[in-house]
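**Student:** Quick one, what's the 3D model for this:
(one chain, ligands or ions: 1)
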Amino acid sequence: MRQSQLYSPTLREVPADAEAKSHQLLLRAGFIRQNVSGVYSFLPLGKKVLRKIETIVREEMDFIGSQEVLMPALQPSEVWEESGRWYTYGPELMRLNDRHDRTFALGATHEELITSLLRDEVKSYKKLPMVLYQIQTKFRDEKRPRFGLLRGREFIMKDAYSFDVDQEGLDRNYDNIFHAYKNVFTRCGLDFRAVLADSGAMGGRDTHEFMVLSEIGEDTIAYSDRSEFAANIEMAPVKVIYAKKDSELREKEIIMTENKRSIKDVAEFLDIPEQECIKSLLWIVDEQPVLVLTRGDHQINDIKLKNALEASIVKLATEEQTNEILNSEIGFIGPVNVPDGIKVIADEAVRSVVNGVCGANEQDKHFVNVNPDRDFKVDFYDDLRFIKEGDPSPDGNGTIVFAKGIEVGHVFKLGTRYSESMNAEILDKNGKSTPIVMGSYGIGVSRTLAAVVEQMHDENGILWPTQLSPFDLHLICVNPKNDSQSALGEKLYEELKSNRFDVLYDDRKERAGVKFTDADLIGIPIQIIVGKRAEEGIIEMKNRKTGHKDEVHVSELLASIAQHQAESR
Ligand code: 9G3
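**Tutor:** Numbering: from 1, shown residues only. The predicted structure follows:
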């Protein structure tokens, strides 16, 4: 492709509202252009990379026997009404009416659509297991689209759905797809972790997210510095054996703690470590008040709290609610003498508190020397706290480290959540009708493209790995007005194309500096520079990633390219 004809307007300056590096670089290098907030066009360079990522996804999904389909983005509201999600999703689900005033959703995902497609035709276990997938545009009206392709309102997703007769079949499909995802992200050259995640509104049990490590990531993952263990901070399990001090239990006393509301203030006032304090917070769980206790230095994890209580809505009680229910201010509430009817639950760490401190449920007063079970009852203990850096890894191997991650993949075991609500049943081998067991699996394809740029760039531009680069080679004629340079440039362009290389040939009548800046910005891994020594048949090969340059005689060119390509994978 001649660069003089390529539609890829590069920008010198960084667009003001582009904060993420990938957003800046993809705009400046002419890979994408924004139409409106959260909605982008892929220009030729961007489209070429997108296609390469899609090809890797297709190869891995096809390899495990999935079948590619293409479902509509225009989805009748009926199927969403059947699953109930028409009512549970808010403005994020884009809705529209057709000319007959029928209501539709623009597909945010396709669980409903594919279940409605299957339930009429697939009636026997003999047709299962089956995995269908598509690569298709999704619409989600994000409140705050940001970071370019990382959080758009229209984006490209590979979404797959597995169909089995039972849980065992689902487990098998889940594992197959899980490994296919590992292959996809490995082949994209990404540094990623498969992390245990919370299934949130999707229901079902196991779920994993595939996280690309990056400071710009919106998720925090906790992973072991010595094993494969990794989990989304939201649900990372805590497995700590708390040492219980064997000092004798002292007599409980009430003390004045004027205006000492926070754990920090109380600990400082009493000159004790925060971990000897018991933090008490009142939560409203499905309309019921629950007093939740943690050790003073720990934080309650509301996702774990919700799961432990099998609740649908958990909210921190407001100041007024706390005052009304416990007739005490938030800073002075505690588990001793709690009014009947209020459940008291505690994180495991509280069990090991000896002679601790807690609010006295009286203004400006705390109890000291309180001991769980002796001085207050706990309905049940559970793992309710956020994991912390430095905690032992739950698998007993290594220590927990935090990192920010970009979620590029998410796999769910749905079970019969959709097949039950939508009557997708099959006859099992005993002729008994049973709901199909499903899984759903997503890769954010356009988000993955941006994640690659987040992890692979330098101060001059993008560093595409060979397998994803928009072109194999960037051939640059430094001065097209110079006959020997333009003659050699044209010759090499033809020769390289006839050797099946995909070449971007910079034949523009631009200053050399502009050409080199643009080449580094676009980020094709190998630059072949036809310059001053063209008449001697000598060109320069530049490795974009290392900046390393070699002078090569054109007779050595093909061998040298092969060697460079191996290095840039
Ligand atoms: C919606 C809207 C936003 C959504 C969803 C539905 C996320 C929704 C979760 C999933 C689950 C899996 C198949 C591919 C893998 C992920 N945001 N999710 O269901 F209506 Cl507006 O999409 N779907």
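
**Student:** ok, which residues in this protein are in contact with the ligand?
**Tutor:** 85, 89, 92-93, 108-109, 111, 140, 159, 202, 410, 412, 440-442 (CB under 6 Å from any ligand atom). Where you see a C-beta, it was placed from the backbone N, CA and C, and this is true even at glycine.

**Student:** which secondary structure elements does the helix or strand containing S22 contact?
**Tutor:** Assigned by DSSP states H and E, S22 belongs to helix 21-28. Secondary-structure packing of helix 21-28 (3 or more CB pairs under 8 Å, 6 or more residues apart in numbering; DSSP states H and E): strand 32-36, helix 445-455, strand 457-458, strand 461-462.

**Student:** closest to Y505 out of the ones you listed?
**Tutor:** For those, the distance to Y505 is smallest for strand 461-462, at 18.6 Å, taking CB to CB.

**Student:** out of the residues of the chain next to the ligand, which are buried?
**Tutor:** With burial judged by 16 or more other CB atoms under 10 Å, the buried subset of the residues of the chain next to the ligand is 85, 89, 93, 108-109, 111, 140, 159, 202, 410, 412, 440-442.

**Student:** how about these in a markdown table, adding secondary structure and pLDDT?
**Tutor:** Converted to a markdown table, those look like this (DSSP: H, G, I helix; E, B strand; the rest coil; pLDDT from 0 to 100):
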| residue | secondary structure | pLDDT |
| --- | --- | --- |
| R85 | helix | 96 |
| Y89 | coil | 95 |
| L93 | coil | 98 |
| A108 | coil | 98 |
| T109 | coil | 98 |
| E111 | helix | 97 |
| R140 | coil | 98 |
| D159 | strand | 98 |
| M202 | helix | 66 |
| H410 | strand | 96 |
| F412 | strand | 94 |
| S440 | strand | 97 |
| Y441 | strand | 98 |
| G442 | strand | 98 |
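
**Student:** hang on, the earlier thing: could you point out which of the helices and strands packed on helix 21-28 sits nearest Q3?
**Tutor:** strand 461-462 (15.0 Å).

**Student:** Could I get the full set of helices for the stretch 401-550 of the chain?
**Tutor:** 417-421, 445-455, 483-498, 512-522 (DSSP state H, counting those that start in this stretch).

**Student:** Tell me, how many residues neighbour the closest residue in space to V408 that isn't next to it in sequence?
**Tutor:** Spatial nearest neighbour of V408, excluding adjacent residues (CB to CB, 6 or more residues apart in numbering): T448 at 4.8 Å. Residues lying near T448 (other CB atoms under 10 Å) number 29.

**Student:** give me every residue that touches T448.
**Tutor:** Contacts for T448 (CB atoms under 8 Å, 6 or more residues apart in numbering) come out as I53, F185, C188, L190, V212, V408.

**Student:** Now do the SS call for the first one.
**Tutor:** I53 carries the three-state label helix when classified by DSSP: H, G, I helix; E, B strand; the rest coil.

**Student:** Please list all residues in contact with the residue of the chain found nearest the ligand.
**Tutor:** In the chain, the residue that lies nearest the ligand is G442 (2.6 Å; CB to the nearest ligand atom). By CB under 8 Å, 6+ apart, G442 lies in contact with T109, M157, K158, D159, A160, G409, H410, V411.

**Student:** Mind doing that once more with 7 Å?
**Tutor:** Contact partners of G442, counting by CB atoms under 7 Å, 6 or more residues apart in numbering, are M157, K158, D159, G409, H410.

**Student:** Repeat that for E425.
**Tutor:** By CB under 7 Å, 6+ apart, the residues touching E425 are S433, T434, P435.

**Student:** May I ask which of the residues you listed has the most neighbours?
**Tutor:** Counting neighbours by other CB under 10 Å, the top entry in these is P435, with 20 neighbours.

**Student:** Quick check: that residue touching T416?
**Tutor:** Yes. Applying CB atoms under 7 Å, one finds P435 in contact with T416, separated by 4.0 Å.

**Student:** In TSV: the helices and strands packed on helix 21-28, plus mean pLDDT.
**Tutor:** Formatted as TSV, the helices and strands packed on helix 21-28 follow (pLDDT from 0 to 100):
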stretch	mean pLDDT
strand 32-36	96
helix 445-455	98
strand 457-458	98
strand 461-462	98
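
**Student:** Give me the below-cutoff pLDDT ranges for the stretch 51-200 of the chain.
**Tutor:** For the stretch 51-200 of the chain, no stretch has pLDDT under 70.

**Student:** Skipping its backbone neighbours, what lies nearest L11 in space?
**Tutor:** R28 (4.4 Å).

**Student:** and that neighbour, how many residues sit next to it?
**Tutor:** Residues contacting R28 under the criterion other CB under 10 Å number 21.

**Student:** so it sits right up against L521, yeah?
**Tutor:** Yes. In this structure, R28 is within contact of L521 by CB under 7 Å, at 6.1 Å.

**Student:** between those two, what contacts are shared?
**Tutor:** With CB under 7 Å, 6+ apart as the test, R28 and L521 both reach T10.

**Student:** Residues touching stretch 559-569, excluding its own?
**Tutor:** P465, T466, Q467, L473, P525, I526, M541, N543, K545, D550, V552.

**Student:** Can I get the buried part of these as one PyMOL selection?
**Tutor:** To isolate the buried members of those in PyMOL, using 16+ other CB under 10 Å:
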select buried, resi 465+466+467+473+525+526+541+545+552
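
**Student:** Any idea which residue is closest to the centre of the protein?
**Tutor:** Centroid check for the chain by CA atoms, centre = their mean gives E407 as the closest residue, at 1.1 Å.

**Student:** If we ignore the residues flanking it in sequence, what's nearest that one?
**Tutor:** Residue nearest to E407 in three dimensions, not counting chain neighbours: E209, with 5.0 Å by CB to CB, 6+ apart.

**Student:** Make sure I have this right: the one you found is in a strand.
**Tutor:** Yes. If the criterion is three-state DSSP, then E209 is within a strand.

**Student:** mind checking how far it is from A236?
**Tutor:** 12 Å (CB to CB, to the nearest Å).

**Student:** would CSV of the contacts of G442 with distance to T115 be doable?
**Tutor:** What follows is those, written out as CSV (distance: CB to CB, whole Å):
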residue, distance to T115
M157, 17
K158, 18
D159, 13
G409, 22
H410, 18
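
**Student:** Closest to E310 out of the residues you listed?
**Tutor:** Checking these against E310 by CB to CB gives H410 as the nearest, at 22.7 Å.

**Student:** G84 contacts S421, doesn't it?
**Tutor:** Yes. If you go by CB under 7 Å, G84 and S421 touch, sitting 6.3 Å apart.

**Student:** higher neighbour count, these two?
**Tutor:** With neighbours defined as other CB under 10 Å, G84 and S421 compare such that S421 has more, 15 against 12.

**Student:** residues contacting the residue nearest to that one when sequence neighbours are not counted?
**Tutor:** Nearest residue to S421 in three dimensions, chain neighbours excluded: S83, at 5.0 Å (CB to CB, 6+ apart). Residues counted as contacts of S83 (CB under 7 Å, 6+ apart) are E112, Y418, S421, M422.

**Student:** Same question for I254.
**Tutor:** Contacts of I254 (CB under 7 Å, 6+ apart): A360, K365, F367.

**Student:** Try it again at 10 Å.
**Tutor:** Listed by CB atoms under 10 Å, 6 or more residues apart in numbering, the contact set of I254 reads V336, A360, E362, K365, H366, F367, V368.

**Student:** which of those residues sit farthest apart?
**Tutor:** E362 and V368 (13.7 Å).

**Student:** okay, and the common contacts of these two?
**Tutor:** Any residue near both E362 and V368 by CB under 10 Å, 6+ apart counts here, and that gives I254, T257.
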